[in-house]
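Q: just coords:
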Ligand code: 5GP
Ligand code: ZN
């Protein structure tokens, strides 16, 4: 399967790694929208939130644990941050390997839609 983020996990495409464990990989976004902009992804290929099921949802909870840990390490846990996952066309998803944007380091625009 041809997937950009699977290739990044494998190391076939370079990335700036921020965190890695058995089930999760986190790396800097190539086009940062904020001083802190990290992508946190499951190592298993899921295309989007649409693929989350009772069988694989534990990794999503773990991604939020990793987000909290990275927010502390990157110094934004007190100032605040946002964790976002775009799903599908109307949300502007461009890479179809499930990912969570961790954004912070500035006052983020308060726009839900
Ligand atoms: P989406 O628009 O699907 O929610 O987010 C995809 C994100 O992946 C974008 O913020 C984009 O900048 C980032 N991205 C796309 N290609 C690459 C890449 O090759 N390397 C890295 N580090 N980020 C990428
Ligand atoms: Zn993938």
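A: Arrived safely. Please read these numbers as outputs of a predicted model, since none were measured by experiment. Numbering: from 1, shown residues only. Ligands and ions are numbered 1, 2, ... in the order given.

Q: distance from the longest helix seen in the chain to the middle of the chain?
A: Determined from DSSP state H, the single longest helix within the chain is helix 58-73. Relative to its chain's centre, helix 58-73 lies at 10 Å (CA atoms, centre = their mean, to the nearest Å).

Q: list the buried residues in stretch 39-56.
A: For stretch 39-56, the neighbour count (16 or more other CB atoms under 10 Å) marks 39, 40, 41, 42, 43, 46, 48, 52 as buried. Heads up, the C-betas are built off the backbone N, CA and C, glycines and all.

Q: wait, the second one sits on residue 70?
A: Yes - Residue 40 lies in contact with residue 70 (CB atoms under 8 Å); the separation is 7.4 Å.

Q: near ligand 2, which residues of the protein?
A: 3, 5, 6, 45, 97 (CB under 5 Å from the ion).

Q: contacts for stretch 34-45?
A: Contact with stretch 34-45 is made by 1, 3, 5-6, 9, 18-19, 22-29, 56, 59-60, 63, 66-67, 70, 74, 76, 81, 83, 97-106, 108, as judged by CB atoms under 8 Å, 6 or more residues apart in numbering.

Q: those residues in strands, which ones?
A: 18-19, 24-28, 81, 83, 100-104 (DSSP state E).

Q: from those residues, pick the one nearest ligand 2.
A: Distance to ligand 2, by CB to the ion, is smallest for residue 25 among those, at 10.6 Å.

Q: now stretch 104-113: average pLDDT?
A: Confidence over stretch 104-113 (mean pLDDT, whole number) is 93.

Q: what separates it from the chain centre, distance-wise?
A: Worked out by CA atoms, centre = their mean, stretch 104-113 lies 16 Å from the chain centre.
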